[in-house]
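Student: This is a predicted model, with the sequence first.
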Amino acid sequence: MQRIRMSLPYFNAFGWQAEVVTIDDKYADLAKDALLLQSIPPDVKVHKVKALNKSITSKLGLGSIAFRSMIYYRKKVNSLLKTGQFDLVYFSTTQFPVCILGAYWKKKFGVLYVIDMQDPWHSDYYRDKPKAQQPKKYWLSYRMNKYLEPIAMKPVGGLISVSDDYIETLKERYPQIKQVPSATITFGSFPRDMEIAAENAPQFKRLLNPEYKNIVYVGRGGMDMYKAIRPVFEAIKTGISDSPDLFNKLKFYFIGTSYAPDGQGNPTIAPLAKEYGVENNVIEITDRIGYYHTLITLQQADALFIPGSDDPKYTASKIYPYLLSHKPLLSIFNSASNAVAILEEYGCNFNYTYDATEDLQNKISIFLSNLVKNQIEQQVYSKTAEEKYSAKNMTMRQCALFDLVVNGKN
């Protein structure tokens, strides 16, 4: 959703007129943020569809909003494509099962489609992991994904992804699409969002304790991030032992770590903090918060933290709100993640890798110590990088791929 929302103001400038088909938010059970609508141009047509009742479909193991809404997407988009006014269907969502409709629409109407791979769809990553580390209903989702992905991928007209690896994996898996246009395009930086957040700041609950130096991460948790988080907790543990007056002034916040409905998420970071004996310095809030609440919270923080997954294909595609805040930013990734190179282009001063950075724990300790001492200045980033990764430039690249798809008639 965020990719499309940030692209809508720019599609027309690059020769494309977009209409959006989305689920009516009353059928979704995740955090909602009505302020997102303020960034959508008023002339963009938005069509909303229904979804089946989750209390019914979940009994069949199909509580996903993708499955609940699929018949309504099919009906609405059928009515739009019958007009003959559309050249392309663009799927930009992590609710991947709905993408199988692209094959149906291509066959029925001859309209090509592009899929945006923001995350892996069918993946073997969790197959050798203990059951406790696997996502909920993994056995079922793995088998469904394995069946559904080829339905959508084999006839696809083009691919966009936040990671080269995602595209390479798909083209190896499906030889039919080796020659289709593809592009690795990260999410873009959208400064207007910071303005909207600031204009509406009073309506958001403050989550941070101003009596401490607060370091914030907002995003999913999970054991796959432990390799990036462990050296931080080790640094805090050592710091508290050596300089308690200094390090006990720190609070690390991990917010929105679970995709479960509010109040039903299982903590994944707090148990690790307890293992290191730093639970008094770490606060995990599993409930998701709205997008603009996130931006305000980032602004209220003294510093920010982005941990990466131990999956080398993982990319933190939503790093730009952190960069737009210009707060001191500590990032720790697998050295194979493309986020490392992007942060280097920006000129981030505290961008590390858990598998390649020498003396990592000491570097983290120095960062934390200097933060408490107010010896870290606000970050200034490369203007060239800010332009390169702007939402406008990312939209131009999307449209260039659309042109290749429709002109090539894949």
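Tutor: Sure, I can see it.

Student: where are the low-confidence patches of the chain?
Tutor: Applying pLDDT under 70 to the chain picks out residues 30-31, 55-63, 122-143, 316-317, 409-410.

Student: Repeat the analysis, applying 50 as the threshold.
Tutor: Within the chain, the stretches with pLDDT under 50 are 139.

Student: Report the beta-bridge partner residues of the nearest residue to Tyr389 once chain neighbours are set aside.
Tutor: Spatial nearest neighbour of Tyr389, chain neighbours left out: Ser189 (5.4 Å); criterion: CB to CB, 6 or more residues apart in numbering. Bear in mind the C-beta positions are built from the backbone N, C-alpha and C, glycine included. Counting by DSSP bridges, Ser189 forms beta bridges with Ser390.

Student: So which elements touch the helix or strand hosting Arg5?
Tutor: Element membership of Arg5 [criterion: DSSP states H and E] is helix 2-7. On a contact count with 3 or more CB pairs under 8 Å, 6 or more residues apart in numbering; DSSP states H and E, helix 2-7 meets strand 88-92, helix 391-408.

Student: Nearest to Leu324, out of the ones you listed?
Tutor: When the helices and strands packed on helix 2-7 are compared by CB to CB, helix 391-408 sits nearest Leu324, at 10.9 Å.

Student: burial of Asn53, as a residue count?
Tutor: Asn53: 10 surrounding residues under other CB atoms under 10 Å.

Student: Actually, Asn209.
Tutor: Applying other CB under 10 Å, we find 11 residues neighbouring Asn209.

Student: Return the distance of the nearest residue to it once chain neighbours are set aside relative to Leu371.
Tutor: For Asn209, ignoring the flanking residues on the chain, the nearest one in space by CB to CB, 6+ apart is Lys251 at 6.1 Å. Noted for Lys251: a distance of 11 Å to Leu371, by CB to CB, to the nearest Å.

Student: where do the contact lists of those two overlap?
Tutor: Taking CB atoms under 8 Å, 6 or more residues apart in numbering as the criterion, Lys251 and Leu371 both touch 213, 215.

Student: helix, strand or coil for Ile306?
Tutor: Following DSSP: H, G, I helix; E, B strand; the rest coil, Ile306 is assigned to strand.

Student: shift numbering so it begins at 193
Tutor: I'll keep to 193 as the first residue from here, and by that count the last item is Ile498.

Student: so how many other residues sit close to it?
Tutor: By other CB under 10 Å, 23 other residues sit near Ile498.

Student: Now do the contacts for it.
Tutor: By CB under 8 Å, 6+ apart, Ile498 lies in contact with 409, 411, 508, 511, 514, 521-525, 531.
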